[in-house]
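1. next one to model:
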Amino acid sequence: MWRNVRALCRISQRTISTASRRQLENRVSENQKLFQEDNGLPVHLKGGAKDSLLYRTTAGLTLLGTMYTVYYLLVSSMPKKPN
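-> Predicted coordinates for the structure are as follows:
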């Protein structure tokens with residue numbers, strides 16, 4: 001039993017390493033320049049085409065959900081006609 005525990009300890013020490021395999025480039029200053037420049041765009045659209053597409057999709061889904069909710073409330077508030 002102890003042999004299995006020792007083997008598990010060795011395997012866990014081998015696979016988990018604190019050394020990074022690949023150094024990532026720090027791009028925080030580039031993003032700060034992009035988002036802080038005064039170009040007339042709101043901050044949620046300064047990321048480019050992806051941000052614009054995400055914003056329009058979210059706004060469209062919100063509008064459709066609101067319209068469906070109002071429709072369902074109107075249908076639910078009308079009494080059913082007896083046959």
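
2. secondary structure element for the most centrally placed residue in the chain, which one?
-> The residue lying closest to the centre of the chain (CA atoms, centre = their mean) is Leu54, at 10.1 Å. In this assignment (DSSP states H and E), Leu54 forms part of helix 49-77.

3. flag every buried residue along that helix.
-> Buried positions in helix 49-77, judged by neighbour count with 16 or more other CB atoms under 10 Å: none. Yep, even glycine has a C-beta here, placed from its N, CA and C like the rest.

4. can you give me the offset of it from its chain's centre?
-> The chain centre lies 18 Å from the centre of helix 49-77; the measure is CA atoms, centre = their mean, to the nearest Å.

5. for stretch 33-50, same thing?
-> 18 Å.

6. can you give me the mean pLDDT across that stretch?
-> Regarding stretch 33-50, the rounded mean pLDDT is 89.

7. ok, residues contacting that stretch?
-> Contacts to stretch 33-50, defined as CB atoms under 8 Å, 6 or more residues apart in numbering, come from residues Asp51, Ser52, Tyr55.

8. quick one: those as CSV, columns for distance to Ser29 too.
-> Conversion of those to CSV gives the following (distance: CB to CB, whole Å):
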residue, distance to Ser29
Asp51, 20
Ser52, 24
Tyr55, 25
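
9. Leu61: which of those is nearest?
-> Proximity of the contacts of stretch 33-50 to Leu61 (CB to CB) peaks at Tyr55, which lies at 11.1 Å.

10. what residue ranges in the protein score low on pLDDT?
-> Scanning the chain with the threshold set as pLDDT under 70 gives 13-21.
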